[in-house]
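Engineer: next input, structure requested:
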Amino acid sequence: MEQKREKFSSRLGFILISAGCAIGLGNVWKFPYITGQYGGAAFVLIYIAFLILMGIPILVAELAVGRASQQSIARAMDVLEPKGTKWHWYKYFGMAGNYLLMMFYTTVSGWMLYYFFKMSAGGFVGLDAAGVGEAFDTMLGRPGLMTFFMVLTVLICFTICARGLQAGVEKITKVMMLLLFALMVVLAVRSALLDGGEAGLEFYLKPNFSALQEYGLLEVLFAALGQAFFTLSIGIGAIAIFGSYIDKSRSLPGEAVLITILDTFVAFMAGMIIFPACFAYEVNPGEGPSLIFVTLPNVFNNMPGGRLWGALFFLFMCFASFSTVIAVFQNIISFATDLTNASRKKVILINIVVMILLSMPCVLGYNLWSGFQPFGEGSAVLDFEDFLVSQNILPLGSLIFVLFCSWKMGWGWDNFIAEANCGTGMKFPSWLRLYFKWILPLIVLFIFVMGYYSKFFSA
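Structural biologist: Model (predicted):
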């Protein structure tokens with residue numbers, strides 16, 4: 001075990017890195033098309049309500065477990081659990097969740113990197129809509145190309161982690177996150193000024209509750225609930241680690257609110273970039289995952305200076321995805337250093353090899369292994385890996401954190417509240433005990449059950 005735990009050099013570093021872990025492709029890829037699909041602003045309002053009701057309390061629970069134990073999820077529950085209980089068994093699911101998430105995240109981050117280089121080099125210039133779609137299919141059909149950019153992603157992010165918590169993870173992520181925010185503002189202003197972009201802003205910012213009737217209130221509620229839940233990366237201990245790197249000068253609810261605000265800001269600004277552009281060029285904003293890789297390059301192709309704006313867009317996509325990869329890699333490194341006496345360098349070298357090998361099924365799932373379609377026609381290895389993480393480990397892990405922090409046979413409510421409210425700043429209300437202990441677990445269970453229902457039983 002580590003003799004002396006590293007610490008962040010500043011509160012800003014902690015907030016930006018924790019937000020960076022939460023901010024990922026779910027914000028800039030999934031959020032805009034789900035919002036487009038379910039009617040714009042009305043969906044956003046429901047999404048924000050669920051973030052407050054569910055996301056923030058679970059975020060506080062993870063941070064509290066990390067700070068109280070001063071360990072990653074590999075050792076946190078061993079330290080805090082009552083003697084004779086078996087909460088520490090969760091460590092295996094938490095660690096598996098971090099690895100599983102990276103098994104497909106590194107590949108998709110590699111796509112962003114490839115698109116940044118391709119857009120910068122003018123690789124989409126002169127292509128029509130069919131040509132842009134074909135470019136994406138061509139990339140998926142080239143395992144060598146995808147492997148190169150996946151390996152590059154793994155090497156870049158582990159190299160940053162190799163510099164240590166302060167000199168590497170904190171220093172580089174701070175710069176990346178501040179650049180990400182600046183890029184998003186510039187792109188949002190550019191998009192809003194496009195001819196015809198006003199209709200996109202109205203769709204995005206003016207609630208249209210008739211969309212709730214069109215899709216059915218239950219379906220829209222579940223979509224908002226699921227997105228609010230998955231956007232914060234809660235449930236696998238990915239956030240708990242950053243609690244272990246901070247002191248007790250600030251209470252945790254305020255920090256959780258700040259992390260959630262930054263995460264929501266990025267998701268919201270992604271919509272501010274995408275919706276005016278889609279409406280200006282008469283593109284359906286509910287296109288699904290192809291929105292980023294097929295629809296938007298078409299939009300940039302038609303836009304004055306589109307090559308520059310497109311390159312900047314995919315640069316910010318790289319920053320959004322890399323911030324999560326770096327944060328989860330830091331977790332993976334901490335698992336080994338918390339459990340063994342191995343040096344950071346040795347742990348990183350071993351995990352570079354492990355991560356590349358584990359990422360290969362996702363890469364091959366679109367070409368050599370394309371016959372494996374776990375959820376029917378058009379699905380791939382990535383969908384299976386995403387399902388294991390998003391529909392299983394994240395909700396069940398969150399359930400364990402909530403129960404661990406509220407039940408007497410776990411760490412317990414009194415210990416949780418004392419840790420969460422230690423320091424200056426916003427406090428976690430003690431009157432929320434009933435909600436936290438009974439209602440919140442039922443909401444998480446509902447997400448878990450509905451995830452299976454919508455995957456396998458809905459028409």
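
Engineer: need the longest helix for this protein.
Structural biologist: helix 306-339 (DSSP state H).

Engineer: CA atoms only: put stretch 185-205 into PDB for me.
Structural biologist: Taking Å, rounded to 0.1, in the frame of the first residue of the first chain, the C-alpha atoms of stretch 185-205 are listed here in PDB:
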ATOM      1  CA  VAL A 185     -18.200  29.000 -25.900                       C
ATOM      2  CA  VAL A 186     -16.500  30.000 -29.200                       C
ATOM      3  CA  LEU A 187     -18.300  27.200 -31.200                       C
ATOM      4  CA  ALA A 188     -21.700  27.900 -29.500                       C
ATOM      5  CA  VAL A 189     -21.500  31.600 -30.500                       C
ATOM      6  CA  ARG A 190     -20.400  30.700 -34.100                       C
ATOM      7  CA  SER A 191     -23.300  28.200 -34.300                       C
ATOM      8  CA  ALA A 192     -25.900  30.700 -32.900                       C
ATOM      9  CA  LEU A 193     -24.900  33.300 -35.500                       C
ATOM     10  CA  LEU A 194     -25.600  31.000 -38.500                       C
ATOM     11  CA  ASP A 195     -28.500  32.000 -40.800                       C
ATOM     12  CA  GLY A 196     -31.500  29.900 -39.700                       C
ATOM     13  CA  GLY A 197     -29.900  29.000 -36.300                       C
ATOM     14  CA  GLU A 198     -32.600  30.900 -34.300                       C
ATOM     15  CA  ALA A 199     -35.000  28.000 -34.900                       C
ATOM     16  CA  GLY A 200     -32.500  25.600 -33.300                       C
ATOM     17  CA  LEU A 201     -32.100  27.900 -30.300                       C
ATOM     18  CA  GLU A 202     -35.900  28.100 -29.900                       C
ATOM     19  CA  PHE A 203     -36.300  24.300 -30.200                       C
ATOM     20  CA  TYR A 204     -33.500  23.900 -27.600                       C
ATOM     21  CA  LEU A 205     -34.400  26.600 -25.100                       C
END
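
Engineer: what's next to that stretch, contact-wise?
Structural biologist: 35, 40-41, 44, 269, 271-282, 285, 303, 309, 312-313, 316 (CB atoms under 8 Å, 6 or more residues apart in numbering). Quick note: C-beta positions are derived from backbone N, CA and C, even for glycine.

Engineer: the residue nearest to Ser390 when sequence neighbours are not counted: how many residues sit nearby?
Structural biologist: Nearest residue to Ser390 in three dimensions, chain neighbours excluded: Phe230, at 5.6 Å (CB to CB, 6 or more residues apart in numbering). By other CB atoms under 10 Å, the residues close to Phe230 number 22.

Engineer: what does Asp195 give?
Structural biologist: Asp195: 8 neighbours (other CB under 10 Å).

Engineer: coming back round to it: next SSE downstream of the longest helix of the chain?
Structural biologist: helix 344-364 (DSSP states H and E).

Engineer: export that following helix to PDB, keeping only CA atoms.
Structural biologist: C-alpha atoms of helix 344-364 as PDB (Å, rounded to 0.1, in the frame of the first residue of the first chain):
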ATOM      1  CA  ARG A 344       3.700   3.500 -10.300                       C
ATOM      2  CA  LYS A 345       6.000   3.000 -13.300                       C
ATOM      3  CA  LYS A 346       5.600  -0.800 -13.200                       C
ATOM      4  CA  VAL A 347       1.800  -0.600 -12.800                       C
ATOM      5  CA  ILE A 348       1.500   1.800 -15.800                       C
ATOM      6  CA  LEU A 349       3.700  -0.400 -18.100                       C
ATOM      7  CA  ILE A 350       1.600  -3.500 -17.200                       C
ATOM      8  CA  ASN A 351      -1.700  -1.700 -17.700                       C
ATOM      9  CA  ILE A 352      -0.700  -0.200 -21.100                       C
ATOM     10  CA  VAL A 353      -0.400  -3.700 -22.400                       C
ATOM     11  CA  VAL A 354      -3.500  -4.900 -20.600                       C
ATOM     12  CA  MET A 355      -5.600  -2.000 -21.800                       C
ATOM     13  CA  ILE A 356      -4.500  -2.300 -25.400                       C
ATOM     14  CA  LEU A 357      -5.400  -6.100 -25.400                       C
ATOM     15  CA  LEU A 358      -8.700  -5.500 -23.600                       C
ATOM     16  CA  SER A 359      -9.600  -2.700 -26.200                       C
ATOM     17  CA  MET A 360      -9.100  -5.000 -29.200                       C
ATOM     18  CA  PRO A 361     -12.500  -6.800 -29.100                       C
ATOM     19  CA  CYS A 362     -14.200  -3.400 -29.500                       C
ATOM     20  CA  VAL A 363     -12.000  -2.500 -32.400                       C
ATOM     21  CA  LEU A 364     -12.500  -5.800 -34.100                       C
END
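
Engineer: list the buried residues for it?
Structural biologist: 344, 347-348, 351-352, 355-356, 358-364 (16 or more other CB atoms under 10 Å).

Engineer: and if you look at stretch 230-239?
Structural biologist: Phe230, Thr231, Leu232, Ser233, Ile234, Gly235, Ile236, Gly237, Ala238, Ile239.

Engineer: out of those residues, which one has the lowest pLDDT?
Structural biologist: Among these, Phe230 carries the lowest pLDDT, at 82.

Engineer: show the contacting residues for that residue.
Structural biologist: Gly26, Lys30, Ser390, Leu394.

Engineer: Gly123: which of the buried residues of stretch 230-239 is nearest?
Structural biologist: Closest approach to Gly123 among the buried residues of stretch 230-239 (CB to CB): Thr231, at 30.7 Å.

Engineer: how near is that closest one to Phe104?
Structural biologist: Distance, Thr231 to Phe104, using CB to CB, to the nearest Å: 17 Å.

Engineer: Ile417 now?
Structural biologist: On the measure of CB to CB, Ile417 and Phe104 end up 37 Å apart.

Engineer: between the two, which is the more surrounded one?
Structural biologist: For the pair Ile417 and Phe104, the greater number of neighbours falls to Phe104 (26 against 21), based on other CB under 10 Å.

Engineer: which helix or which strand is home to that one?
Structural biologist: Judged by DSSP H and E, Phe104 forms part of helix 90-120.

Engineer: quick one on the thing from earlier: considering the contacts of Phe230, which member attains the minimum pLDDT?
Structural biologist: Gly26 (78).

Engineer: before we move on, the earlier item: which two from the buried residues of stretch 230-239 end up farthest apart in space?
Structural biologist: Thr231 and Gly237 (16.9 Å).

Engineer: circling back: which strands or helices does the longest helix of the chain pack on?
Structural biologist: helix 11-22, helix 25, helix 90-120, helix 143-162, helix 171-192, helix 240-243, helix 296-302, helix 344-364 (3 or more CB pairs under 8 Å, 6 or more residues apart in numbering; DSSP states H and E).
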